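Enquirer: Show me the folded form of this:
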Amino acid sequence: MTYSKHQFGVELQQQIEKGVDITRIARWAHHNVCLRHALEMDPELKDIVMQIIAMEEGPEFEFSEEELRKTVEDLMQS
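Expert: As a prediction, this is how the structure comes out:
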């Protein structure tokens with residue numbers, strides 16, 4: 001079964017609704033998405049997930065709340 005962009009978008013939206021905590025969202029993407037679904041993602045989705053994970057590496061990698069919401073919107077339209 002393929003882990004879809006839409007599915008990731010829905011789950012990311014749920015994480016944003018809990019509050020925009022960059023570290024929590026990055027760790028969620030790593031532990032609950034990447035490690036569980038790595039073999040089920042297409043390369044484009046894998047790149048997006050890795051960008052979310054990288055937010056924890058420093059402010060230069062962080063998405064603003066607006067950018068996160070735009071990412072969700074784009075994912076759910078895919």
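
Enquirer: Only C-alpha atoms from now on, for both contacts and neighbour counts.
Expert: Noted.

Enquirer: ok, and what's touching the least confident helix or strand in the chain by mean pLDDT?
Expert: Of all the helices and strands that make up the chain, the one with the lowest confidence by mean pLDDT, DSSP states H and E is helix 35-37; it has a mean of 95. Contacts of helix 35-37 from elsewhere in the structure, counted by Cα atoms under 8 Å, 6 or more residues apart in numbering, are Tyr3.

Enquirer: Can you mark which positions in it are buried?
Expert: His37 (16 or more other Cα atoms under 10 Å).

Enquirer: continuing past it, what's the next helix or strand?
Expert: Moving toward the C-terminus from helix 35-37, the first helix or strand encountered (DSSP states H and E) is helix 43-54.

Enquirer: what about Glu8, helix or strand, and which?
Expert: Actually, residue 8 is Phe rather than Glu. Assigned by DSSP H and E, Phe8 falls within helix 5-17.

Enquirer: Next, the buried residues of that helix.
Expert: By neighbour count, and taking 16+ other Cα under 10 Å as the criterion, the buried residues in helix 5-17 are Lys5, His6, Phe8, Gly9, Val10, Glu11, Leu12, Gln13, Gln15, Ile16.

Enquirer: Out of the residues you listed, the closest to Lys46 would be?
Expert: Ranking these by separation from Lys46, with Cα to Cα as the measure, puts Lys5 on top at 9.4 Å.

Enquirer: The closest one contacts Ser78, correct?
Expert: Yes. Using Cα atoms under 8 Å, Lys5 makes contact with Ser78 at a distance of 6.5 Å.

Enquirer: quick one: terminal-to-terminal distance for stretch 44-64?
Expert: In terms of Cα to Cα, to the nearest Å, the two terminal residues of stretch 44-64 are separated by 21 Å.

Enquirer: Need the nearest residue in space to Thr23, chain neighbours excluded.
Expert: In space, Thr23 comes closest to Glu56 once its chain neighbours are excluded; the distance is 5.3 Å by Cα to Cα, 6 or more residues apart in numbering.

Enquirer: And that neighbour, its phi and psi?
Expert: Backbone torsions for Glu56, taken as degrees, to the nearest 10, come to phi -70, psi -20.

Enquirer: what's near enough to touch it?
Expert: Counting by Cα under 8 Å, 6+ apart, Glu56 touches Ile22, Thr23, Ala26, Arg27, Glu62.

Enquirer: Right, I'll call it a day here.
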